[in-house]
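K.L.:
How does the following fold in three dimensions:
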Amino acid sequence: MILRRITEHVKAQNWTAVALDFVIVVVGVFIGIQVSNLNAARADHVREARYLNNLAVEIREEVVALDEVMLAHRARITVIDRMLTDAGGAPPRRESRMSAPANAVDVARKFPAPEFLPIAEDEREYFLNYGILARTFNEKNTTFRTLQSTGDITILRDETLALDISDYYANIEDLIYFEGGTARHARDATTAVARRHGFNPFGENSYDLVVTALREDPEFTASLRALYNVSILNHFVIANLKREAEEILARLPDGEV
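P.N.:
Numbering: from 1, shown residues only. Coordinates of the predicted model:
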């Protein structure tokens, strides 16, 4: 329609009408582009809100998991200290100087042990089990992986928040790498020594026999001390991750979108 009008005006050499038609076309195209951009921006904002809500849900779940893992490490630290003390040796230091995951903490620092847990005396037959086994952390970062793989990380308008979330999950990867390497090696080594003494790492054992074995076998004692140090470091790193998670959650939505 507009093209036919322009053609007719050109034939009639009505240049004023041609100019007016041209302006109408340009304005129409401009308005169309603006409407399209507004619709795209609105769609991006909706997607951003959904991503942020999903991140909040997953990070809240991770905070719960981090608390559970820290509790398991506190239990390990508590019972190992008790077993080594009852075996008559020097109790382990209430700190660890092991190297930590590079992105999580300053490797030159000393890492203090957390507070001991109150554990009932009738649980003593499971002390070795608590000392050897400890939960590992399972991440819930489906949403963050999606943001990375699709490139949608760029729709997060708060660049500082996007960077902090990326750093948080990078630190989680460091933790998982540590747990699958150094921490797992220390646990497996202690498990092997315990089995050599006839103990069951996954169930109850005579506490008196465990203490006797620790008193007589320096390798058994050393392996438990290594687990003690690993757990202090793990607890420290996880506590830092939990603080990071809580700081991020304070900037994320707390309701359904």
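K.L.:
Which parts of the stretch 51-200 of the chain are helices?
P.N.:
Assigned helices in the stretch 51-200 of the chain, in chain order: 127-132, 142-150, 159-178, 184-196 (criterion: DSSP state H, counting those that start in this stretch).
K.L.:
Determine the angle, from 0 to 180 degrees, between the second one and helix 159-178.
P.N.:
On the basis of axes from the mean of the first three to the mean of the last three CA atoms, to 10 degrees, helix 142-150 is oriented at 110 degrees to helix 159-178.
K.L.:
Next: the last one.
P.N.:
When the same axes, to 10 degrees is applied, the directions of helix 184-196 and helix 159-178 differ by 30 degrees.
K.L.:
tell me what helix 184-196 is packed against?
P.N.:
helix 127-132, helix 218-249 (3 or more CB pairs under 8 Å, 6 or more residues apart in numbering; DSSP states H and E). From N, CA and C alone the C-beta is placed, and that goes for glycine too.
K.L.:
Pick the most deeply packed of those.
P.N.:
Mean neighbour count, computed with mean count of other CB atoms under 10 Å, is highest for helix 127-132 among those, reaching a mean of 24.
K.L.:
Correct me if wrong: Asn53 contacts Pro253.
P.N.:
Yes: contact criterion CB atoms under 8 Å: Asn53 and Pro253 qualify, at 5.2 Å.
K.L.:
State the pLDDT value of the residue positioned nearest the centre of the chain.
P.N.:
Centroid-nearest residue in the chain, with CA atoms, centre = their mean: Ile172, separated by 3.9 Å. For Ile172, the model assigns a pLDDT of 92.
K.L.:
Appreciated, that's everything.
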